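Asker: return a 3D structure for these sequence lines:
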Amino acid sequence: MASYFFIGVITMIDNISGVVLTGGKSSRMGVDKMALQHNNTTFLENAVDALSIFSNIYISVSKVQQNNVLIQKVLNNNIKLAVDKYDDIGPLGGLATTLPILPTEYAFVCACDMPNLNRHFIEQILGDIDTLIYDAYIAVSDRGKEPLCSIYSKKCLPSINQSIDEQQYSINSMLARCKVKLINLSDSKHIENVNTPSEYQKISRG
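Answerer: Next up is the predicted model:
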């Protein structure tokens, strides 16, 4: 853990788990994005490394992914599997599955398709938070809200479950019922996600 962290940030980290969302269909990419390579590591391994400042990490997967060789490779005592309870409802299903089983009140949630995400950037985000009192802390870039690189608490669960009951699967719609703090990001490069072969070729070229 970085020695330059303020005591308050270190205490904050103790109440946050890391969550990687991998359960998407990757339909535009045509292959499972978590296995794509960038800078000699897979997207999944990079996401896990970025979240390694947290003592507990959970990988949210669909039922068909749970026996994936790559996923099994990264699991250990601190990195656990969370198999989605719901099929095909997107990231909201991952939140509904992981938040109840976390040993902490909060989760730093990221998608697995952000190959430029790193520990230092996550530390910067945490450094902009004074205390953990809101239901969610949502990153905002020049593109708008970035709900797939943000912090959620278990206090969001009633809103999440209500959204699922109403078949409203948008995270932003769910957050409308929560107490949210927005965190303005200095740049969006670190959280650019890769959805298509052309976007993957672009980041591969640097």
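Asker: gap between Ile16 and Gln124?
Answerer: The gap separating Ile16 from Gln124 is 15 Å, by C-beta to C-beta, to the nearest Å. Where C-beta positions appear, they are placed from N, C-alpha and C, glycine not excepted.
Asker: do the same with Ala176
Answerer: 27 Å.
Asker: and those two? Which one has more around it.
Answerer: Taking other C-beta atoms under 10 Å, Ala176 and Gln124 do not tie; Gln124 has more neighbours (14 against 11).
Asker: which ones are touching that one?
Answerer: The contact partners of Gln124, taken as C-beta atoms under 8 Å, 6 or more residues apart in numbering, are Ser186.
Asker: same check, this time on Gly18
Answerer: If you count contacts by C-beta under 8 Å, 6+ apart, then Gly18 has Val48, Leu51, Ser52, Ile53, Phe54, Asn56, Ile57, Tyr58, Ala107, Phe108, Cys110 around it.
Asker: list the beta-bridge partners for the residue nearest the centre of the chain.
Answerer: Per C-alpha atoms, centre = their mean, the C-alpha nearest to the average position across the chain is that of Cys110, at 1.6 Å. Judged by DSSP bridges, the bridge partners of Cys110 are Val20, Cys149.
Asker: numbering from 236 from now on, please.
Answerer: Yep, numbering from 236; the last one is Cys345 now.
Asker: against Tyr404, how distant is it?
Answerer: Cys345 is 19 Å from Tyr404, by C-beta to C-beta.
Asker: one more: Lys390?
Answerer: Separation of Lys390 from Tyr404 (C-beta to C-beta) stands at 20 Å.
Asker: next one: Pro326
Answerer: Distance of Pro326 to Tyr404, computed by C-beta to C-beta: 8 Å.
Asker: could you list the low-pLDDT ranges of this structure?
Answerer: 236-245, 258-265, 441 (pLDDT under 70).
Asker: if we use 50, what do you get?
Answerer: 236-240 (pLDDT under 50).
Asker: can you map out the strands along it?
Answerer: Here the chain has its strands, by DSSP state E, at 251-256, 272-273, 276-277, 292-296, 314-318, 341-346, 371-376, 379-388, 415-419.
Asker: of those strands, which approaches Glu434 most closely?
Answerer: Closest approach to Glu434 among the strands of the chain (C-beta to C-beta): strand 272-273, 11.5 Å.
Asker: partners of that closest one in the sheet?
Answerer: Paired strands of strand 272-273, with direction, are strand 276-277 (antiparallel) (DSSP bridges).
Asker: how far off centre is the partner strand?
Answerer: With C-alpha atoms, centre = their mean, to the nearest Å as the basis, strand 276-277 stands 17 Å off its chain's centre.
Asker: helices of the protein, residue ranges please.
Answerer: Using DSSP state H, the helices of the chain run over 242-248, 278-285, 304-309, 326-333, 354-362, 392-400, 406-410, 432-440.
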